Structures are given as C-alpha cells and as structure tokens.
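**Q** just coords:
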C-alpha cells in the first residue's frame with residue numbers, strides 16, 4: 001500500500017514538472033513573439049508577458065484596421081486612375097522606402113514633441129505608450145503598457161478621466177477632440193533619476209488628442225493622446241509673448257510691458273483688474289476651466305481663447321499657468337502654507353481680428369495700431 005502511494009506521488013510530481021515545463025515553453029515562445037529587445041524579454045515574468053501580449057493584440061487590431069482602410073482608399077484611387085502597381089508575386093506594391101521614411105518621420109516627431117504618445121481604451125487600459133515615456137515618467141514602456149490608467153492617476157482626477165473616456169456614437173464617428181489635464185505618478189526625482197514607485201510624486205500632464213475607432217468584429221474605440229508634462233519650457237518668443245502674475249481670483253498683480261505692443265493696454269491699466277474683463281465672452285468657459293485646473297492641480301494650459309484689444313477687435317492667445325506656493329512655514333515664521341500667486345505666460349497666436357468690433361468699455365479708446 002505504501003509503495004503504491006509513493007508511486008502515485010512520484011507520478012504526480014513528474015506530471016506537475018511536465019506541466020511547468022510546457023507552461024514555461026509556451027510563455028518563452030510567447031515572449032519571443034513580443035516586439036521587444038531580448039534584454040527586456042529575459043526579465044519579464046509570466047503576468048507581464050500576458051499583459052503585454054494582450055496590449056499588442058489590441059494594438060495590432062487597431063493598426064490592421066487602419067492599414068486596411070488605407071489599402072481600400074488606395075485601391076479606389078487606382079481604379080479611378082486606371083493604373084495599378086504590383087510586385088512580382090502579383091500582390092499590391094509596397095514601397096519599403098516610403099514605410100522607412102514614415103518611421104523616421106514618426107521618430108523625429110517624438111524627438112521634437114515635449115511629451116509622449118498614449119493610446120487609451122474606453123476602459124482606461126493603456127494599450128500603447130511611446131518608448132520615450134521613460135524620459136518624462138521614470139517608468140518604462142513595458143512597466144506601463146496593459147495597466148489601467150486609474151492605477152497611476154490622482155484619485156481626484158478619476159471623474160474627469162472617466163468623462164473623457166465616455167464616448168457617444170456621434171463622438172466616435174466624428175473623431176471628437178479631447179483636451180484635459182491630469183496628475184499621474186512619476187518615479188523621477190528632482191535630479192532626473194528614477195526612484196521607487198512607492199516614493200513617486202505627482203506630475204501634471206496636458207493631454208490632447210482624438211477619438212479613434214476600429215471597425216473590426218470587436219469594434220475597438222480608443223483615445224490617441226499626446227501627453228506633455230507641465231510646466232512647459234516657457235521661452236519668450238520676441239514680442240509675441242508676455243508674462244503676468246495674478247492673485248488666486250485671476251486679478252493682475254503684475255504684467256510684462258510687452259503687453260502694450262500686443263494688446264494696447266499698459267501694465268498699470270491691467271493691475272487690479274480681472275483677466276475675465278479682457279477675454280471674449282464666448283471664451284469665458286475656457287478660462288474658467290483653466291482657472292479650476294489651476295486651483296485643483298496647480299498647473300494648467302488654457303487652450304486657445306480670444307483677448308480683447310484696446311480700441312477694438314481681439315487676438316487669439318494661449319496661456320500656460322502655474323500656482324507659485326508661498327515659502328514653507330518654519331518655527332521662526334509660523335504661518336499657513338497658502339499659494340503665493342499665479343504665474344502665467346501668454347502666447348499671442350494671431351494678429352488683430354475684427355478691429356472695428358468693440359465688445360467692452362475698456363476698448364472704447366483710441367484704436368490700437370499694429
């Protein structure tokens with residue numbers, strides 16, 4: 001009886017070892033199919049292999065649909081033109097040089113872009129991130145892909161993220177734009193080194209993009225976003241940029257003299273007045289959204305809005321703002337830790353439009369001359 005029992009245990013152990021070997025072989029084959037460097041693949045555990053595989057399958061579905069769409073468009077153009085190029089096998093001609101140039105162009109855009117690319121599913125799964133995400137977040141592409149964005153973002157921003165992920169049929173078909181600010185965990189230290197995720201800090205990202213849809217059998221919808229960390233590098237561009245300081249209710253406390261050549265107002269005329277007095281009424285919601293983001297997240301980008309010009313008309317501008325905190329309290333100087341002011345950099349994006357139109361009493365002065 002004892003010998004039979006030991007034999008069954010040995011058979012069971014051998015079957016378990018065989019299952020583990022087969023499982024390891026399957027995961028090894030699966031990891032080798034991932035488009036990753038061998039040094040990265042060798043450090044992946046089984047859950048990471050599954051997570052990345054699912055992400056690449058979803059990404060493949062999106063890219064395949066886009067490729068089929070382009071092929072159909074090219075086929076219609078060929079039929080209309082009455083000429084078709086083909087390779088030696090009789091299939092449609094694929095210009096390898098064009099594909100290489102497109103890849104080089106994408107890499108160039110990533111180098112120029114002050115941020116990284118992100119593809120988000122409607123459930124919040126990070127389907128894809130460009131490999132330069134490490135430069136901004138201190139976390140690698142493989143560490144983030146397949147995870148849900150709600151695991152890494154500030155709890156107070158979850159509702160806003162859900163709102164942007166919520167898609168109606170009309171928004172899907174129209175390629176609705178998305179523009180929002182969120183806080184996400186960053187493992188980068190102030191010196192630019194990567195730290196442990198447990199000691200991560202919050203980094204503010206300005207996310208812009210569009211809704212994309214894949215009409216495959218699974219009908220995948222996602223958001224294609226560019227994510228830029230704030231504050232951005234504020235470079236004063238000759239006379240087309242001016243800086244200003246505001247109280248927390250957006251009243252001017254200081255303004256760069258450059259504003260006179262751009263809007264016609266002197267800094268003294270702006271100090272003590274609210275920025276809402278000098279913006280187009282139809283853009284008040286844009287400014288209030290920017291103001292709310294500033295109060296909640298300490299950094300924000302306004303998006304394009306119109307500022308009124310002295311004498312008549314308006315110019316299109318975009319404002320990058322950050323809340324400047326006061327000096328931290330100490331024993332010798334006990335006080336509550338309150339924001340000091342709002343620092344803004346405003347970029348003038350256009351010339352004066354509708355110069356004969358006056359929308360405010362502040363404009364009822366000698367017309368501004370360009």
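**A** Yep, it's here. Since we're looking at a predicted model, the values are computed, not measured.

**Q** Can you read off the pLDDT for residue 151?
**A** Residue 151 carries a pLDDT value of 91.

**Q** Tell me, how many residues neighbour it?
**A** Counted with other C-beta atoms under 10 Å, the burial measure for residue 151 works out to 10 neighbours. (Glycine included, C-beta is placed from N, CA and C.)

**Q** do residue 16 as well
**A** Residue 16, neighbours per other C-beta under 10 Å, totals 10.

**Q** just residue 63 next, same as before
**A** Neighbour count of residue 63, defined by other C-beta under 10 Å: 13.

**Q** so it is in which element?
**A** Assigned by DSSP states H and E, residue 63 belongs to helix 46-81.

**Q** average pLDDT across that helix?
**A** 65.

**Q** and residue 42, how far is that from residue 36?
**A** Using C-beta to C-beta, to the nearest Å, we find residue 42 at a distance of 10 Å from residue 36.

**Q** For beta bridges, what are the partners of the residue nearest in space to the middle of the chain?
**A** In the chain, the centroid-proximal residue (C-alpha atoms, centre = their mean) is residue 227; its distance is 2.1 Å. Assessed by DSSP bridges, residue 227 has beta-bridge partners residue 116, residue 207.

**Q** residues touching it, list them.
**A** 115, 116, 117, 118, 136, 205, 206, 207 (C-beta atoms under 8 Å, 6 or more residues apart in numbering).

**Q** Out of these, which is nearest to residue 263?
**A** Checking these against residue 263 with C-beta to C-beta, the nearest one is residue 206 at 24.6 Å.

**Q** Might you report the residue contacts of that closest one?
**A** Neighbouring residues of residue 206 by C-beta under 8 Å, 6+ apart: 115, 181, 227, 228, 229, 230, 232, 300, 301.

**Q** what ranges do the helices span in the stretch 51-200 of the chain?
**A** 96-112, 133-137, 141-144, 158-165, 169-174 (DSSP state H, counting those that start in this stretch).

**Q** Compare those helices and say which comes out lowest on pLDDT.
**A** helix 96-112 (a mean of 56).

**Q** Show me the domain layout of this protein.
**A** 38-79+100-229, 241-363 (automatic domain parsing).

**Q** What does the pLDDT read for the residue found closest to residue 248 once you drop the neighbours it is linked to in the chain?
**A** The shortest distance from residue 248 to any non-neighbouring residue, by C-beta to C-beta, 6 or more residues apart in numbering, is to residue 339 (5.9 Å). Model confidence at residue 339, given as pLDDT, is 74.

**Q** do the same with residue 284
**A** Residue 284 carries a pLDDT score of 91 in this model.

**Q** now swap in residue 37 and tell me
**A** 76.

**Q** Now for residue 356: which residues touch it?
**A** Going by C-beta under 8 Å, 6+ apart, residue 356 touches 312, 313.

**Q** Just the local confidence number for it, please.
**A** pLDDT, residue 356: 86.

**Q** Also the one 3 residues further on?
**A** The confidence metric pLDDT takes the value 84 at residue 359.

**Q** what are the bridge partners for residue 128, then?
**A** Residues in a beta bridge with residue 128, per DSSP bridges, are residue 119.

**Q** I'd like to know how far it sits from residue 16.
**A** For residue 128, the distance to residue 16 equals 37 Å [C-beta to C-beta].

**Q** for residue 285, same thing?
**A** 63 Å.

**Q** ok, now residue 28?
**A** Taking C-beta to C-beta, one finds residue 28 at 18 Å from residue 16.

**Q** what do you get for residue 363?
**A** Residue 363 sits 82 Å away from residue 16, taking C-beta to C-beta as the criterion.

**Q** Contacts only, for the residue lying closest to residue 252 once chain neighbours are set aside.
**A** The shortest distance from residue 252 to any non-neighbouring residue, by C-beta to C-beta, 6+ apart, is to residue 270 (4.4 Å). Residue 270 sits next to 244, 252, 255, 259, 278 when contact means C-beta under 8 Å, 6+ apart.

**Q** any idea how far residue 270 is from residue 248?
**A** Residue 270 is 17 Å from residue 248, by C-beta to C-beta.

**Q** What ranges does the stretch 151-300 of the chain have for its strands?
**A** Taking DSSP state E, counting those that start in this stretch, the strands of the stretch 151-300 of the chain run over residues 177-186, 201-214, 220-229, 241-246, 252-255, 299-308.
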